[in-house]
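Asks: output the structure for:
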Amino acid sequence: MENSFYAMMSRMKYIERWALMRNSITENISEHSLEVSILAHALAIISKERLGKQLNAEKAALIGIYHDATEIITGDMPTPIKYFNENIQGAFKAIEHVAADRLLMMLPEDIRKSYESLFFPLEEEAYLWKLVKAADKLSALIKCIEERKAGNSEFISAEKSLREILGGMKLEEVRIFMEEFLPAYDKTLDELN
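Replies: Modelled structure (predicted):
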């Protein structure tokens, strides 16, 4: 039997992000998902090593890889539209749920169960998913910083908004990352070396 899950995943590179904004540097969901995976892993490591929480950092990275996979089917819905009101937000969550089901059905049944918790959160992994959500916001903030550094003022208000959202999440892991690691994103390659 032919299964198309992995071929569909390879299509993440064709879904562009930030469609409503002028970009100096284009970004697709494949690139974004890699960055979210790295950041989610980092947040889980910070949580484990600095805060003593027992988290599976590798699972956080995997969730980060697949966190936007449904956009292969739905496309990237711009944030102002997705969160315009509760009705639209609820409808979009339902669409994402259907898209996740559809993607999982592209896997053989014996393999599918290994992927379900990457698309649908397990109750005991709720905090891990919270960190992945924070990593998603951090990735967006990093994009805003990169665009500002490239001279693009289009992302200035998004950067301010994302800083407020991340602060409002009240996650110590995020505070630590933003304090210790985020300033380096404002540096040039020479300054990083």
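Asks: now the helices for the chain?
Replies: 5-9, 29-51, 57-66, 71-74, 79-82, 86-104, 109-119, 126-149, 156-168, 172-180, 189-192 (DSSP state H).
Asks: those: lowest mean pLDDT?
Replies: Among the helices of the chain, helix 79-82 has the lowest mean pLDDT, at a mean of 61.
Asks: quick one, what contacts the residue most central in space within the chain?
Replies: In the chain, the C-alpha nearest the mean C-alpha coordinate belongs to Asp136, at 3.1 Å (C-alpha atoms, centre = their mean). Applying C-beta atoms under 8 Å, 6 or more residues apart in numbering to Asp136 gives the contacts 36, 64, 67-68. (Glycine included, C-beta is placed from N, CA and C.)
Asks: separation between it and Ala126?
Replies: 16 Å (C-beta to C-beta, to the nearest Å).
Asks: again with Phe120
Replies: Distance of Phe120 to Ala126, given as C-beta to C-beta: 12 Å.
Asks: quick one, which of these two is more surrounded?
Replies: Each of Phe120 and Ala126 has its neighbours counted (other C-beta atoms under 10 Å); Phe120 has more, 12 against 9.
Asks: which one is the more buried one nearest to, not counting chain neighbours?
Replies: Ala100 (6.6 Å; C-beta to C-beta, 6 or more residues apart in numbering).
Asks: turn the contacts of Asp136 into CSV, columns for neighbour count and distance to Gly75.
Replies: What follows is those, written out as CSV (neighbours: other C-beta atoms under 10 Å; distance: C-beta to C-beta, whole Å):
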residue, neighbour count, distance to Gly75
Val36, 28, 18
Gly64, 28, 20
His67, 23, 15
Asp68, 20, 11
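Asks: done for today, thanks.
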